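Visitor: Here's a sequence, model it:
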Amino acid sequence: MQDKVLKEMEKAGKPVRPGDIAKALGVDSKEVSKAIDTLKKEGKVHSPKRCFYEPTPK
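Guide: Numbers count the residues shown, from 1 in each chain. Model (predicted):
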């Protein structure tokens, strides 16, 4: 799930909300939020503003 979420964020090209990703992937937003939490702990995504996430620049 993390890979799908990360790919969707990269495709968006701008900070996105978990709900938007869930809609695009056709899954529950709770699943997306869990995936984002894991990605944040791994340092792969960050939040430029409240409730929006994007991939961490390399």
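
Visitor: so how far does stretch 13-24 reach from one end to the other?
Guide: Taking Cα to Cα, to the nearest Å, stretch 13-24 runs 14 Å from one end to the other.

Visitor: Next, the buried residues of that stretch.
Guide: By neighbour count on 16 or more other Cβ atoms under 10 Å, the buried set for stretch 13-24 is 15-16, 18, 20-22, 24. All C-beta atoms are positioned from the backbone trio N, CA, C, and that covers glycine.

Visitor: Which pair of those residues spans the longest distance?
Guide: Taking Cβ to Cβ as the measure, those span a maximum distance of 15.4 Å, between Pro15 and Ala22.

Visitor: For the buried residues of stretch 13-24, give me a markdown table that also has secondary structure and distance to Gly43.
Guide: Listed next are those as a markdown table, based on DSSP: H, G, I helix; E, B strand; the rest coil; distance: Cβ to Cβ, whole Å:
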| residue | secondary structure | distance to Gly43 |
| --- | --- | --- |
| Pro15 | coil | 17 |
| Val16 | strand | 18 |
| Pro18 | helix | 18 |
| Asp20 | helix | 22 |
| Ile21 | helix | 19 |
| Ala22 | helix | 22 |
| Ala24 | helix | 23 |
